[in-house]
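Engineer: sequence first, predicted coordinates after that:
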Amino acid sequence: MKQTPIFFSQIFNHFNQKLEEKNYPLIFILVDENTHEHCLPQFLSEMEGAHTIEIIEIPAGEENKTIDIAIQVWETMTEMNATRKSLMINLGGGMVTDLGGFIASTFKRGIDFINFPTSILSMVDAAVGGKTGIDHNGIKNIIGTFALPVGTFIHPEFLQTLPKREFWSGLAEMLKHGLIYDKNHWENLINLENLNPESVSVLISDSVQIKTEIIDNDPFESGIRKILNFGHTIGHAIESEFLETENHLLHGEAIAIGMMVESILSFENELISKEELDEIFTHLVRIFGKFSIPEDLIPNLFHWMKHDKKNQNDQISFSLLDGIGKCKYDILLNENQISEGILMYNRKLANS
């Protein structure tokens, strides 16, 4: 499953050329209420040619990445006489591209779709790599497909529409790419004097290149692609636990916490030095702030972790750092090791 084209420049020229080549009889544009207001007007103004277009709006937020919303969209597409020659354009952040890709890849056994990511998270992660999915019963991405878009079009100007919290959230995946694969990328990010859409956008293509290089070597996650899960075993559990609470965390915020805990686990397994751990911790706390994990919630986190797709033989599997810029996968840890790692994270956080 080789990656389909990802465009970083002259994107609307390439996009309109793609539409002209394919001549889709019906085009659906999937948006949430935020991208409907802030991104869709510019997007439509850049479209050329006479197309039959239907806009489908879904509610924003990870809590809406569910089978119920997917069913609603499938029913809408059916009512509008969609065929296998129709096109779905996913205009939004990671939730929209995950959900929209899943809807398109399963409707009538698959229709073409295009990703137009509008957040850092979706530009460097969710919209790249061919994974689609929905959450179910609070478990992240437990239902999904491997399916590639016709193309992915990255337009950094959309980052100007992001609330500040969403912007910071997306940085987590970029920092992860540096930690697991490219020390220079990590250093370029942490050494930026001003973290803002303009400064970060020049490094987005580097992050995308890292992810696509990993995926081209392992499209179906049987080997090295697993390193992309660094920070996600703990992070997904935290995200699921707090999803419907007043302390709701964005994906990147939860992954940042996960990376700090899993860096401690890397240190405890003698894979990184104390100096490397301190460097990682210092910068992630500086960027994302402090969020301690209540000790009484640790059993709940194990509930979520036990549903992780990477697990083997009822053991919880991790991808852990092997120095900054390298990563090992399929590392099995027991509950005592993981619990101690979480408690060490809290102690280190309190002392930082």
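Structural biologist: Yep, that arrived.
Engineer: now do the strands in this protein.
Structural biologist: In the chain, the strands defined using DSSP state E lie at 6-7, 27-32, 53-58, 87-92, 112-117, 131-136, 139-146, 151-153, 316-321, 327-333.
Engineer: okay if I get those as TSV plus mean pLDDT and distance to Val200?
Structural biologist: For glycine as for every other residue, the C-beta is placed from the backbone atoms N, C-alpha and C. Below are the strands of the chain laid out as TSV (pLDDT from 0 to 100; distance: least, CB to CB, whole Å):
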stretch	mean pLDDT	distance to Val200
strand 6-7	96	17
strand 27-32	98	22
strand 53-58	98	27
strand 87-92	98	19
strand 112-117	98	14
strand 131-136	96	23
strand 139-146	95	25
strand 151-153	97	18
strand 316-321	96	22
strand 327-333	96	22
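Engineer: quick one: closest of those to Phe43.
Structural biologist: strand 87-92 (5.9 Å; CB to CB).
Engineer: angle of that closest one against strand 131-136?
Structural biologist: Computed by axes from the mean of the first three to the mean of the last three CA atoms, to 10 degrees, the angle separating strand 87-92 from strand 131-136 equals 70 degrees.
Engineer: what are the contacting residues of strand 87-92?
Structural biologist: With contact meaning CB atoms under 8 Å, 6 or more residues apart in numbering, strand 87-92 is reached by 19, 22, 24, 26-32, 34-35, 39-40, 43, 96-97, 99-101, 103-104, 107, 111-119, 122, 127, 149-150.
Engineer: buried subset of those residues?
Structural biologist: Buried members of the contacts of strand 87-92, counted by 16 or more other CB atoms under 10 Å: 19, 24, 26-32, 34-35, 39-40, 43, 96-97, 99-101, 103-104, 107, 111-119, 122, 127, 149-150.
Engineer: that older thread, next, format the strands of the chain as a markdown table and append distance to Glu239.
Structural biologist: Below are these laid out as a markdown table (distance: least, CB to CB, whole Å):
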| stretch | distance to Glu239 |
| --- | --- |
| strand 6-7 | 26 |
| strand 27-32 | 18 |
| strand 53-58 | 19 |
| strand 87-92 | 18 |
| strand 112-117 | 19 |
| strand 131-136 | 10 |
| strand 139-146 | 7 |
| strand 151-153 | 24 |
| strand 316-321 | 16 |
| strand 327-333 | 20 |
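Engineer: if we compare these, which one ends up closest to Asn81?
Structural biologist: Once these are compared by CB to CB, strand 53-58 is nearest, at 10.0 Å.
Engineer: pull the longest helix from the chain.
Structural biologist: Using DSSP state H, we find that the single longest helix of the chain is helix 197-217.
Engineer: end-to-end on stretch 280-294?
Structural biologist: End-to-end distance for stretch 280-294: 22 Å, by CA to CA, to the nearest Å.
Engineer: which one of the strands of the chain lies nearest to Lys226?
Structural biologist: Ranking those by proximity to Lys226 (CB to CB) places strand 327-333 first, at 3.8 Å.
Engineer: that closest one pairs with which strands, and in what direction?
Structural biologist: strand 316-321 (antiparallel) (DSSP bridges).
Engineer: who touches stretch 305-322?
Structural biologist: 139, 141-142, 179-180, 226-230, 233-234, 236-237, 262-263, 265-266, 269, 271-272, 276, 280, 302, 327-335, 338.
Engineer: show me just the buried residues among those.
Structural biologist: By neighbour count, with 16+ other CB under 10 Å, those hold 139, 141, 179-180, 226-230, 233-234, 236-237, 262-263, 265-266, 269, 271-272, 276, 280, 327-329, 331, 333, 338 as buried.
Engineer: now, which of these lie within helices?
Structural biologist: 179-180, 233-234, 236-237, 262-263, 265-266, 276, 280, 338.
Engineer: rebuild those residues as TSV, extending it with distance to Gln160.
Structural biologist: Output for those, formatted as TSV (distance: CB to CB, whole Å):
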residue	distance to Gln160
Leu179	27
Ile180	29
Thr233	33
Ile234	32
His236	29
Ala237	33
Glu262	32
Ser263	32
Leu265	37
Ser266	36
Glu276	35
Ile280	29
Ile338	40
